[in-house]
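Trainee: Sequence first, predicted coordinates after that:
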Amino acid sequence: MATGTIIRAWQDQTTAHLAVLVDEGGSQGKVEYVGSVPLADLAGLANAQIKAALVAAVKAVRDQQQAPQTTITGVSGGVTL
């Protein structure tokens with residue numbers, strides 16, 4: 001189980017977001033993970049419950065990104081976002 005530091009919590013019109021910085025160590029170093037929860041899912045919750053829901057969303061993102069991965073060959077180059 002990793003520990004991290006909350007960097008920012010914010011919301012837009014439909015979603016709450018939480019950014020957490022985790023020191024993964026090694027070549028990964030410090031990695032920022034952002035989790036999101038629809039505001040409708042947070043309606044009526046106390047602050048501690050909102051924080052718990054957002055932390056769970058960040059954990060889900062981290063778990064997905066840290067899972068074993070298979071490289072997709074042939075996808076490379078520059079992009080414009």
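Mentor: Arrived safely.

Trainee: Please make it C-alpha for all contacts and neighbour counts, starting now.
Mentor: OK.

Trainee: Residue 7 against residue 20, yeah?
Mentor: Yes. Here residue 7 reaches residue 20: they are 5.4 Å apart, a contact under C-alpha atoms under 8 Å.

Trainee: Could you count how many residues lie near the closest residue to residue 38 other than its chain neighbours?
Mentor: Leaving aside its sequence neighbours, residue 38 sits nearest to residue 15 (C-alpha to C-alpha, 6 or more residues apart in numbering; 4.3 Å). For residue 15, the count of nearby residues is 14 (other C-alpha atoms under 10 Å).

Trainee: Find me the pLDDT at residue 15, would you?
Mentor: With respect to pLDDT, residue 15 has a value of 98.

Trainee: what helices or strands is the helix ranked longest in the chain leaning on?
Mentor: Across the chain, the helix with the greatest residue count (assigned by DSSP state H) is helix 47-66. Packing partners of helix 47-66 (3 or more C-alpha pairs under 8 Å, 6 or more residues apart in numbering; DSSP states H and E): strand 15-23, strand 30-38.

Trainee: Can you say which of the ones you listed is nearest to residue 65?
Mentor: Nearest of the helices and strands packed on helix 47-66 to residue 65, taken as C-alpha to C-alpha: strand 30-38 at 9.1 Å.
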